[in-house]
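Enquirer: Okay, here's the prediction I keep looking at, along with the sequence it came from:
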Amino acid sequence: MGTEEDYSGIPQQRPIPLAKVLALTQASSLWLSNVKQIYACLAKHTCSQHKDRAVWIIQFRGIELIPFSHAAEGKIPGDARNHFRNVIDANTGEWLWGDTIPQPSGSVENRY
């Protein structure tokens with residue numbers, strides 16, 4: 001997104017259940033066949049576009065390596081390309097964006 005993000009707590013309203021979000025989210029179908037770990041949390045998210053939006057933050061970890069451009073070859077380690085964060089509106093189930101930030105800590109062997 002290119003903006004500063006803030007997570008300020010847990011939303012008060014009841015969200016769409018995580019299992020339903022995973023079933024509805026197109027991003028899930030791209031990774032669920034080979035994901036080793038799903039890390040999800042519900043949070044109030046604030047950035048320049050909105051304040052305290054209820055979101056599911058869902059990271060798929062241990063996925064097949066995300067390809068990179070030929071120019072970046074050798075500069076981006078596998079541990080930086082084997083996870084993907086999805087940000088999903090917890091009230092509507094709408095996929096908002098995805099990226100590989102933040103980098104989970106520890107080596108692959110320690111994470112899965």
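Expert: Structure received. Numbering: from 1, shown residues only.
Enquirer: Can you show me the helices along this protein?
Expert: Assigned by DSSP state H, the helices in the chain fall at 18-24, 26-31, 108-111.
Enquirer: Relative to residue 85, how far out is residue 64?
Expert: Distance, residue 64 to residue 85, by C-beta to C-beta, to the nearest Å: 16 Å. C-betas here are computed from N, CA, C, even on glycine.
Enquirer: And residue 39, by the same measure?
Expert: Taking C-beta to C-beta, one finds residue 39 at 9 Å from residue 85.
Enquirer: And for residue 15?
Expert: With C-beta to C-beta as the criterion, residue 15 and residue 85 are 17 Å apart.
Enquirer: next one: residue 44
Expert: Counting by C-beta to C-beta, the gap from residue 44 to residue 85 is 17 Å.
Enquirer: residues of stretch 12-26 that come out buried?
Expert: 15-16, 18, 21-22, 25 (16 or more other C-beta atoms under 10 Å).
Enquirer: Now it - C-alpha only, CSV.
Expert: The C-alpha coordinates for stretch 12-26 follow below in CSV (Å, rounded to 0.1, in the frame of the first residue of the first chain):
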residue,chain,number,x,y,z
GLN,A,12,-16.1,-4.9,19.0
GLN,A,13,-18.4,-6.1,16.2
ARG,A,14,-18.7,-9.7,15.3
PRO,A,15,-16.7,-10.5,12.1
ILE,A,16,-17.4,-12.9,9.3
PRO,A,17,-16.0,-16.2,10.6
LEU,A,18,-12.5,-17.0,9.5
ALA,A,19,-13.5,-20.3,7.9
LYS,A,20,-16.0,-18.5,5.7
VAL,A,21,-13.5,-15.8,4.8
LEU,A,22,-11.0,-18.5,3.7
ALA,A,23,-13.7,-20.2,1.6
LEU,A,24,-14.8,-17.0,-0.1
THR,A,25,-11.4,-15.4,-0.6
GLN,A,26,-9.9,-15.8,-4.0
